[in-house]
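Student: With the sequence up front, the predicted model follows.
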Amino acid sequence: MRVWRRLLENSLSAKVSCWLIRLLIHGSGHDTKISHLGLIRTFPKSQPHLSRSKKEQIKGQNVINFNVLAFIFGPFYYITKGMWKKGLYLFLLTLGLNLLSLVLVGMFTDRDISKVLYIINSSIYGLTANYDFYRYYKLGETTWDWMPKWMASSVGTVSLVAASLIGVVLLAYSEMAAADNVSLVQDGYLGGYKQTTIGKAFDGWQACTKTSWREQQASNGAISVIYQCSMNANQVKSIGKRSLTFVTGQMDDSFLVHINVALLAVSFQINLDDTFEINGAQWAFKYGEGKTYSPFVDPNYVLKDIYANRLKDSVEDAFTFDNLVMNHMPAKAN
């Protein structure tokens with residue numbers, strides 16, 4: 001019995017000693033392994049992925065292929081994979097590109113490009129996700145090297161994203177408020193012209209090659225909605241020539257032949273009780289080098305032309321004797 005007790009004590013003592021030795025060796029930066037014979041072997045620890053060789057880091061640059069899940073879920077894919085900083089920054093990048101694209105395209109056409117922007121945004125995530133994940137997993141990279149430290153930090157990332165989103169919300173709110181006033185006018189009716197809405201009548205005027213609506217706020221806080229109609233200058237010239245001949249008694253069209261742009265703007269004043277009224281109509285005839293003839297006309301003549309779907313009275317009123325004198329229209333264009 002004493003022999004077995006002695007053997008048991010020796011065995012437990014040996015195991016405790018081995019584990020203590022193993023703990024000391026582990027703290028020295030080496031791994032240990034105890035064989036079945038009780039021998040202790042040591043070998044260097046495997047290095048973490050953050051200290052990979054330069055060759056393996058360069059190899060990561062070639063890891064570029066398409067990730068379908070990232071294409072579908074965009075920044076949410078990045079967040080679920082732990083790359084939330086890059087995901088948020090890519091979201092801000094695509095958001096900024098979208099806003100810029102909408103502004104630039106809106107200057108030339110009214111076409112809807114939302115589907116095109118969605119494909120472009122999704123493709124950016126799909127093409128970059130695998131490469132970014134490789135660098136995150138192998139090199140521990142959470143942002144890009146060119147970023148300043150404050151942007152690479154968690155606080156900087158969250159602060160910048162939050163500030164950007166607040167700016168976008170405020171911008172969207174202002175646009176929605178402006179759109180509400182424009183819709184208020186477009187969906188309304190004018191006394192004596194209740195056969196159709198203002199928007200349908202003004203946008204359907206055949207004399208216009210292009211129409212636009214915008215909100216304008218004066219320094220005193222007064223809000224107006226401006227309707228603008230772009231016309232073919234040639235049709236304006238023919239009507240203006242007849243009006244000039246009638247007023248001046250002579251056939252001198254040396255000024256008219258130089259007109260290359262004809263714009264007509266109608267202003268609607270928005271009242272505090274959400275009603276509106278027309279408070280002016282003005283032509284802008286551009287000719288020569290940066291010169292403009294901008295006579296005001298009677299809005300009633302403009303309304304007659306618009307609702308009759310013709311072009312006559314509003315042009316003739318622009319070349320009355322009073323307008324010619326008040327706006328100092330030149331006898332001849334230089």
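Tutor: Received it, and whenever you're ready, just let me know what you need.
Student: Just want the most central residue of the chain.
Tutor: Central residue of the chain (C-alpha atoms, centre = their mean): residue 99, 0.8 Å from the mean position.
Student: Now do the contacts for that one.
Tutor: Going by C-beta atoms under 8 Å, 6 or more residues apart in numbering, residue 99 touches residue 168. In this view, the C-beta of every residue, glycine as well, is placed from N, C-alpha and C.
Student: so how far is the host helix or strand of it from its chain's centroid?
Tutor: Taking DSSP states H and E as the criterion, residue 99 maps to helix 84-106. The chain centre lies 6 Å from the centre of helix 84-106; the measure is C-alpha atoms, centre = their mean, to the nearest Å.
Student: Could you check the angle the helix or strand that comes right after that helix makes with helix 84-106?
Tutor: Downstream of helix 84-106, the next assigned helix or strand under DSSP H and E is helix 114-139. Angle, helix 114-139 to helix 84-106, by axes from the mean of the first three to the mean of the last three C-alpha atoms, to 10 degrees: 160 degrees.
Student: need the next SSE after helix 114-139, C-terminal direction.
Tutor: Moving toward the C-terminus from helix 114-139, the next helix or strand (DSSP H and E) is helix 149-152.
Student: Mind giving me the packing neighbours of that next one?
Tutor: helix 154-186 (3 or more C-beta pairs under 8 Å, 6 or more residues apart in numbering; DSSP states H and E).
Student: other SSEs contacting the helix it packs on?
Tutor: Using 3+ C-beta pairs under 8 Å, 6+ apart, helix 154-186 sits against helix 84-106, helix 149-152, helix 198-203, strand 208-217, strand 223-231, strand 259-270.
Student: Run the chain-centre distance for the third one.
Tutor: This means helix 198-203. When distances are taken as C-alpha atoms, centre = their mean, helix 198-203 is centred 28 Å away from the chain's centroid.
Student: For residue 236, pull up the helix or strand it's in.
Tutor: For residue 236, the element it lies in under DSSP H and E is helix 233-248.
Student: Poorly predicted segments of the stretch 151-300 of the chain, please.
Tutor: Scanning the stretch 151-300 of the chain for pLDDT under 70 picks out 175-179, 245-255.
Student: Nearest to residue 243, out of the helices and strands packed on helix 154-186?
Tutor: strand 259-270 (13.2 Å; C-beta to C-beta).
Student: about what we covered before: which of the helices and strands packed on helix 154-186 sits closest to residue 169?
Tutor: Residue 169 lies closest, by C-beta to C-beta, to one member of those: helix 84-106, at 11.8 Å.
Student: as a whole number, average confidence for the closest one?
Tutor: Regarding helix 84-106, the rounded mean pLDDT is 90.
Student: Would you indicate which residues of it are buried?
Tutor: Judged by neighbour count using 16 or more other C-beta atoms under 10 Å, the buried positions of helix 84-106 are 84, 85, 86, 87, 88, 89, 90, 91, 92, 94, 98.
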